[in-house]
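Peer 1: Compute the structure for the input listed below.
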Amino acid sequence: MSVILPFPGIRYNLAQAGPLSDLIAPPYDIIGPDLQKTLHHRSPYNVIRLILGQAQPGDDAKTNQYSRAADLWQKWRASGILAKDPQPALYRYQTSFAIKTPAGLTEKTRPGFVALLKLHEYSEGKVLPHERTLAGPKEDRFQLLLRARAHFSQVLMLYPDPSGQVDQALGEAPPRGTDPWSSEDDAGVTHSMWPITDPATIQAVAQHLAARPLYIADGHHRYETALAYRRYLRERSPLFAQGIDYIMAYFTPVEHPGLVIFPYHRLVHNLPQRRLSGLFKKLEASFQIERALLSPLSQGQNRRDFIQSLIERGQDRTVFGMVDGTAGHGYFLSRKPPDPEKRHLHSELENVLSRLDVVTLEDLALIDTLAIKPKDLLNEKYIAYVTDYDRALDAVSQPPNQLAFLMNPTPVRDVIRVADLHGIMPEKSTYFFPKLATGMVMNAMEE
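Peer 2: Okay, here's the model as predicted:
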């Protein structure tokens, strides 16, 4: 069974630290160098200084961005910039946002809550991943966890709750006498949070999650880092092992309409021209190709119609939009039905994966047709990943870009199905939106 616990959160004292909008940051793994500098300059107390400090000349194994983060964590707590809540709580966390569609903006709200989650190895089948992780990011997060002994941000977890029992228990508004805190981030998302301290509510939520599997939506590297850190301390420093069995996590229901997944569109760039030779003839081996009547390159009705058609065609089949950046033509690539005689040769997991849009695109278009190696996809040697279709289409006609492949999002049911079968999806299969804001609440492991 899964175990969650309330905890006394560490939060910014806004009277000393300033407005919350100056203090929060996106998750570390989507912060580029320019945004990192911007956040460092935004406030001397921005959480970027804890989660993604800047390297400095003379840094070594002892003194570096991780040691500086640990020092700041202690200094901010001692000076009152950060303060601990008086009692353990679950933290209701709601995000309000708008998503772009061909018909215009659609307003949504995603409910959730923050708690401590007991760590489980994947082999136990209680916490299930769906993405492959890389050694570099895990080592980076390990060094930070080793020195700071704190959870600065949450892993995003999904749980099944078709009847909405958890949301009903937690409520949609703060309890009487409870003051929420909120902020709008740079993406226009409003993040709102308040504590839930009622023992009966906490027990009801914990009992519901105890009987359900949990799925990692975002934060695989941090979760696996917490597992590695637990193993490390148990072996080397058991006296300092307090708090290592839990990780701070955000939980949201699988079925809620506010759970949004964006696709990662693919921009092909710098590919040798010989690989583009005879492109359509090669694609016809796996796809039915239909040219769009009008080019989607210019923003306006033509583009909206192209994207809307892609969405509609994707309701019952695997289909991609492909745009030639040089000629400006748009195409719809619909996968030809696979040979049914070969299906019995594969496992259930292999059959499920083979039906995913992202697997079809990578295997049949990028690897087989364009001869891009899997390691080059991972390292973005010839491929750039973009979550906004306007950005992809605006960029495709600009050198060194050559082609754009526009995708429909991976349905959450497919994410869950792959995880249930203990499978792993390709990198850049899902982009859960909105991202959680780091700095809304934090957890000190030793407490």
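Peer 1: Can you name the residues that contact A70?
Peer 2: The neighbourhood of A70, defined by Cβ atoms under 8 Å, 6 or more residues apart in numbering, consists of R147, A148, R149. Heads up, the C-betas are built off the backbone N, CA and C, glycines and all.
Peer 1: should've said T133
Peer 2: For T133, the set of contacting residues under the criterion of Cβ under 8 Å, 6+ apart consists of H220, H221, E224.
Peer 1: pLDDT score for E427?
Peer 2: At E427, the pLDDT value in this model is 84.
Peer 1: re the thing from before, please render the contacts of T133 as TSV that adds neighbour count, distance to D388 and secondary structure to the earlier fields.
Peer 2: Output for the contacts of T133, formatted as TSV (neighbours: other Cβ atoms under 10 Å; distance: Cβ to Cβ, whole Å; DSSP: H, G, I helix; E, B strand; the rest coil):
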residue	neighbour count	distance to D388	secondary structure
H220	20	23	helix
H221	22	24	helix
E224	20	29	helix
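Peer 1: what would the residues you listed look like in a markdown table with pLDDT and distance to L233?
Peer 2: Written out in a markdown table, the entries for these read as follows (pLDDT from 0 to 100; distance: Cβ to Cβ, whole Å):
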| residue | pLDDT | distance to L233 |
| --- | --- | --- |
| H220 | 95 | 21 |
| H221 | 94 | 19 |
| E224 | 97 | 15 |
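Peer 1: can you list the residues you listed in CSV and add distance to S334?
Peer 2: As requested, the contacts of T133 are arranged in CSV below (distance: Cβ to Cβ, whole Å):
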residue, distance to S334
H220, 32
H221, 35
E224, 37
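Peer 1: which among those residues gets closest to V418?
Peer 2: Closest approach between those and V418, by Cβ to Cβ: H220, at 13.2 Å.
Peer 1: how is this protein carved up into domains?
Peer 2: 4-260+433-444, 264-408 (automatic domain parsing).
Peer 1: of those, which approaches R417 most closely?
Peer 2: Each of the domains of the chain was checked against R417 via Cβ to Cβ, and the shortest separation belongs to domain 264-408, namely 5.6 Å.
Peer 1: circling back: name the member of the contacts of A70 that has the highest neighbour count.
Peer 2: For the contacts of A70, neighbours were counted using other Cβ atoms under 10 Å, and A148 has the most, 22 neighbours in all.
Peer 1: Can you give me the distance of that residue to P409?
Peer 2: Separation of A148 from P409 (Cβ to Cβ, to the nearest Å): 35 Å.
Peer 1: For this protein, give me the ranges with low pLDDT.
Peer 2: In the predicted model, the chain carries pLDDT under 70 at residues 240, 339-345, 447.
Peer 1: ok, longest strand in it?
Peer 2: In the chain, ranked by residue count with DSSP state E as the criterion, the top strand is strand 90-101.
Peer 1: other SSEs contacting that one?
Peer 2: For strand 90-101, the elements it packs on are strand 104-110, strand 113-118, strand 190-196, helix 199-210, judged by 3 or more Cβ pairs under 8 Å, 6 or more residues apart in numbering; DSSP states H and E.
Peer 1: Out of those, indicate the one that is most buried.
Peer 2: Most buried of the helices and strands packed on strand 90-101 by mean neighbour count (mean count of other Cβ atoms under 10 Å) is strand 113-118; its value is a mean of 23.
Peer 1: So what are the sheet partners of it and their directions?
Peer 2: Sheet neighbours of strand 113-118, with direction, are listed as strand 4-5 (antiparallel), strand 90-101 (antiparallel), strand 246-253 (antiparallel) (DSSP bridges).
Peer 1: Of all those, which one comes closest to F142?
Peer 2: strand 246-253 (13.2 Å).
Peer 1: What's the first helix or strand after the closest one?
Peer 2: For strand 246-253, the following helix or strand on the C-terminal side (DSSP states H and E) is strand 260-262.
Peer 1: contacting residues around the next helix or strand after that following strand?
Peer 2: Toward the C-terminus, strand 260-262 is succeeded by strand 265-269 as the next helix or strand (DSSP H and E). Residues external to strand 265-269 that are found in contact with it (Cβ under 8 Å, 6+ apart): 361, 366, 370, 382-389, 392, 395-396, 400-407.
Peer 1: Take these and keep only those in helices.
Peer 2: Secondary structure assignment by DSSP state H places Y389, A392, A395 of these in helices.
Peer 1: Let me have the domains of the chain in TSV, adding distance to M425 as columns.
Peer 2: Formatted as TSV, the domains of the chain follow (distance: least, Cβ to Cβ, whole Å):
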stretch	distance to M425
domain 4-260+433-444	5
domain 264-408	7
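Peer 1: Which one, of those domains, ends up nearest to D414?
Peer 2: For these, proximity to D414 was assessed by Cβ to Cβ; domain 264-408 is nearest, at 6.0 Å.
Peer 1: what's the span of that closest one, first residue to last?
Peer 2: Here the two ends of domain 264-408 are set 9 Å apart, with distance taken as Cα to Cα, to the nearest Å.
Peer 1: Stretch 110-120 now?
Peer 2: Stretch 110-120: ends 26 Å apart by Cα to Cα.
Peer 1: Any idea how far that stretch is from the middle of the chain?
Peer 2: Averaging C-alpha coordinates over stretch 110-120 and over its chain gives two centres that are 15 Å apart (Cα atoms, centre = their mean, to the nearest Å).
Peer 1: What of stretch 346-358?
Peer 2: For stretch 346-358, the gap between its own C-alpha mean and the chain's C-alpha mean amounts to 22 Å (Cα atoms, centre = their mean).
Peer 1: Convert the C-alpha atoms of that stretch to PDB, please.
Peer 2: Once non-C-alpha atoms are left out, stretch 346-358 reads as follows in PDB (Å, rounded to 0.1, in the frame of the first residue of the first chain):
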ATOM      1  CA  HIS A 346       4.700  -9.500 -29.900                       C
ATOM      2  CA  SER A 347       4.000  -9.100 -26.200                       C
ATOM      3  CA  GLU A 348       1.100  -7.000 -25.000                       C
ATOM      4  CA  LEU A 349       3.500  -4.200 -24.100                       C
ATOM      5  CA  GLU A 350       5.100  -4.300 -27.500                       C
ATOM      6  CA  ASN A 351       1.700  -4.000 -29.200                       C
ATOM      7  CA  VAL A 352       0.700  -1.100 -26.900                       C
ATOM      8  CA  LEU A 353       3.900   0.800 -27.600                       C
ATOM      9  CA  SER A 354       3.700   0.200 -31.300                       C
ATOM     10  CA  ARG A 355       0.400   2.000 -31.400                       C
ATOM     11  CA  LEU A 356       1.700   5.100 -29.700                       C
ATOM     12  CA  ASP A 357       2.000   8.100 -32.000                       C
ATOM     13  CA  VAL A 358       5.400   9.000 -30.600                       C
END
